[in-house]
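1. Structure for this input, please:
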Amino acid sequence: MKSLENLWSELAREMAGMCHTSADRDIATVASRVEHEGISFLTITLPSFAKDIERCLSIGKFDDEACLGFSRDKSGLPRFLGGFLRQMFDTDGAVRHPSQAMIDSLLAVRQLCALFAKIELRCSPVRELNAIKAYKIADQETGFWEDDIHEGLYNDLTRMSRLLFRDALTVLDAKIYNLDIIPRHGPGAVAERLRGNAKFDLRTWPDRLEAEFSFSAFGIPNPRYHDLVDVCCSVRFPVRDEELPSRVILVPKTMKTPRVIAAEPAALQYMQQAIMRDLVPLLERDPVCGPMVGFTDQEPNRRMARQASIDGSLATLDMSEASDRVSLRQVRSLLVDFPHTDRAFRAVRSEKAELPSGEVLPLRKFASMGSALCFPAEAMCFLSAIFIGIERSMLRRGVLSRRLTRKDILSFHGQVRVYGDDILVPVDCVREVVETFHSLGWKVNTTKSFWSGNFRESCGGDYYVGSDVTPVRIRSLPPTSRRDVSEISSWVSSRNQFYLAGYWKTAGYLDRYLGSLLKHYPVVGPRSDLLGRVTVLDLTRKPVRRMHHDHQVPLEKGWVVRSKIPMSRISDVGALLKCLIQPSEDERHLTHAGRPLAVDIKLTWRPPL
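-> Residues are numbered from 1 along each chain as shown. Have a look, this model is predicted:
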């Protein structure tokens, strides 16, 4: 705890110097509040403070309801971080005209408040129970909305899907019909708790999956092994009531709430990956929807958000419980013209989920986070609903007197973008888009959505009047010895982010802290795999300590993170199947596979550049 406080204090002093103010009282306040409230002040209270400031920027003035729990000065601004806030707000609470001093102060407030917002610590048991309860409630409400939504809205989803995804889904439908898809296993957990190569020795293949994708076609290397299925594989084909449900698990997100995901049954996940493997590239390369939907590159969202912070033309929307509120029927509405894809989506979908308590929940949502088809399906639903809202907005304003056409949709390239639950839409259509989302039972996170003022955020990029105000975040507790490999790696990464962001005093503080643990802590370039201090200086002028005897490149002594891939057995049939569908350049991939169970660091000589 003290190390976190010291880091905050060091950063506060540096940022106060950059903004020509003092942080002494702020440092004293943090010390007092942490003593009485614990780490939650740093990880929950301060991030909420930053969110309130962002909302005030959006409405153009400091709100009396903002930053509750902090004392105020005569002007009504919080005394905490007051030296920064007074450069952002006038004495009457109005947002000051953007200037470099104002933007620097905004960055300082966001950096100091968000520093520990994403630290990966387990939530309290009460918060975990609330997250599971919210998961259940979201699924129940999804069912209510699914039954109550007017039929015309489903028809609108179908109509927009034809305009947006017709070409991509036509190709996918043909591939599924011809069984021209290649399955694979993802790196994540599965419901059976199988690891590594064990996933390829499939022992369970649900009967409803067999009806669409036979085990003989996808679960064995080739038809020659068909007669050996019973002998070698002993495969079970459980009926619907006997299927293994997906397994709901909690993973760290923030200390305010964990992330709720579901580990899918291995066979379902295997075939979900097969569909996703073709669907994602088809969507991203499509000339109509491709420029407006993304799964692999977040940079277009960031560029659009930055421009929107300057001209205010676009709104950035963030969804709450996005994965848990897209219903099966909403997804099926997109696939009306593609019966093979529709049946495939239903065949690979988990219909039940087992909660940590052991309760089995019948699912009304299409898929939980953890399904390979969750993000593609929700992105398609969101994009279709966006254009329903845009059409309604244009009709209301008299800009359009008919329904949208493909030509109209093409004109919105560069104005609409969906990446997961990060969405950008034109500001003049945002009201109708949000109303459409609500009509479908989806929730817009108003604390992270912006369509007024000059602040925008999307895909991890935060911008104010075109300036990047994205904070550097600490992701783990501080390391206390060289055995804390994950923590050391995380803090070295954070140190280098601080350095590259220009916070050199804070980087220097971390250098002293990490140097005392590592002893060998060299200066390195951005591409070196050594745990070291990244610099922008020219390292070619640095005296060479050692040269590689074969490659004639300079070497530096330092620590390298290494992971040990666990041993993972596989049958002969499973080995051949893996080699055919998921080959690897690692010559040990048939004996060692899966995520590392542990990592360590090794002292060695490596190139610093």
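2. For residue 569, grab phi and psi.
-> Backbone torsions for residue 569, taken as degrees, to the nearest 10, come to phi -80, psi 160.
3. Next up, the contacts around it.
-> 197-198, 591 (C-beta atoms under 8 Å, 6 or more residues apart in numbering). For glycine as for every other residue, the C-beta is placed from the backbone atoms N, C-alpha and C.
4. Quick check: residue 561 is in a strand.
-> Yes. Under DSSP: H, G, I helix; E, B strand; the rest coil, residue 561 sits within a strand.
5. Please report how far it lies from residue 432.
-> From residue 561 across to residue 432, the span is 50 Å (C-beta to C-beta, to the nearest Å).
6. This structure - how does it break down into domains?
-> Domain ranges of the chain: 2-117, 126-463, 485-606, per automatic domain parsing.
7. got those domains as JSON lines, with mean pLDDT and distance to residue 473 columns?
-> Below are the domains of the chain laid out as JSON lines (pLDDT from 0 to 100; distance: least, C-beta to C-beta, whole Å):
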{"stretch": "domain 2-117", "mean pLDDT": "93", "distance to residue 473": "6"}
{"stretch": "domain 126-463", "mean pLDDT": "92", "distance to residue 473": "10"}
{"stretch": "domain 485-606", "mean pLDDT": "89", "distance to residue 473": "8"}
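8. And whichever helix or strand residue 152 is part of, what's buried?
-> Using DSSP states H and E, residue 152 sits within helix 151-177. For helix 151-177, the neighbour count (16 or more other C-beta atoms under 10 Å) marks 153-154, 156-161, 163-165, 168-169, 172-173, 175-176 as buried.
9. can you check stretch 568-577 too?
-> Using 16+ other C-beta under 10 Å as the test for burial, stretch 568-577 gives 568, 570, 573-577.
10. From one end of it to the other, what's the distance?
-> This stretch, stretch 568-577, spans 15 Å end to end (C-alpha to C-alpha, to the nearest Å).
11. now do stretch 390-406
-> Taking C-alpha to C-alpha, the first and last residues of stretch 390-406 lie 13 Å apart.
12. got it, and stretch 333-353?
-> Here the two ends of stretch 333-353 are set 23 Å apart, with distance taken as C-alpha to C-alpha.
13. What segments of the stretch 301-450 of the chain are helices?
-> With DSSP state H, counting those that start in this stretch as the criterion, the stretch 301-450 of the chain has helices at 328-334, 339-347, 374-396, 406-410, 430-439.
14. nope, the stretch 451-600 of the chain is what I was after
-> Taking DSSP H, counting those that start in this stretch, the helices of the stretch 451-600 of the chain run over residues 485-501, 504-518, 572-581.
15. which one of these is the most hemmed in?
-> Ranked by mean neighbour count, the helices of the stretch 451-600 of the chain are led by helix 485-501 with a mean of 20 (mean count of other C-beta atoms under 10 Å).
16. hmm, back to that, ok, which of the domains of the chain comes nearest residue 476?
-> Nearest to residue 476, of all the domains of the chain, is domain 485-606, at 4.3 Å by C-beta to C-beta.
17. what's the closest of the helices of the stretch 301-450 of the chain to residue 48?
-> helix 430-439 (22.8 Å).
18. Output the contacting helices and strands for that closest one.
-> strand 314-320, helix 374-396, strand 443-444 (3 or more C-beta pairs under 8 Å, 6 or more residues apart in numbering; DSSP states H and E).
19. about what we covered before: adding distance to residue 476, write the domains of the chain out as JSON lines.
-> Below are the domains of the chain laid out as JSON lines (distance: least, C-beta to C-beta, whole Å):
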{"stretch": "domain 2-117", "distance to residue 476": "10"}
{"stretch": "domain 126-463", "distance to residue 476": "10"}
{"stretch": "domain 485-606", "distance to residue 476": "4"}
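20. Which stretch among those approaches residue 470 most closely?
-> domain 126-463 (4.5 Å).
21. quick one: that closest one to chain centroid distance?
-> Here domain 126-463 is found 14 Å from its chain centre; the criterion is C-alpha atoms, centre = their mean, to the nearest Å.
22. try stretch 545-557
-> In terms of C-alpha atoms, centre = their mean, the centre of stretch 545-557 is found 39 Å from the chain centre.
23. that older thread, higher neighbour count, residue 561 and residue 432?
-> residue 432 (21 against 16; other C-beta atoms under 10 Å).
24. Test my guess that that one contacts residue 387.
-> No. At 10.5 Å, residue 432 does not count as touching residue 387 under the criterion of C-beta atoms under 8 Å.
25. Can you tell me which of the contacts of residue 569 has the most neighbours?
-> Among the contacts of residue 569, residue 197 has the most neighbours (other C-beta under 10 Å), with 23 neighbours.
26. Dihedrals phi and psi, it?
-> phi -70, psi -20.
27. same question, the one 3 residues further on
-> Residue 200 has phi and psi values of phi -80, psi -20 when expressed as degrees, to the nearest 10.
28. Fine, thanks again, bye for now.
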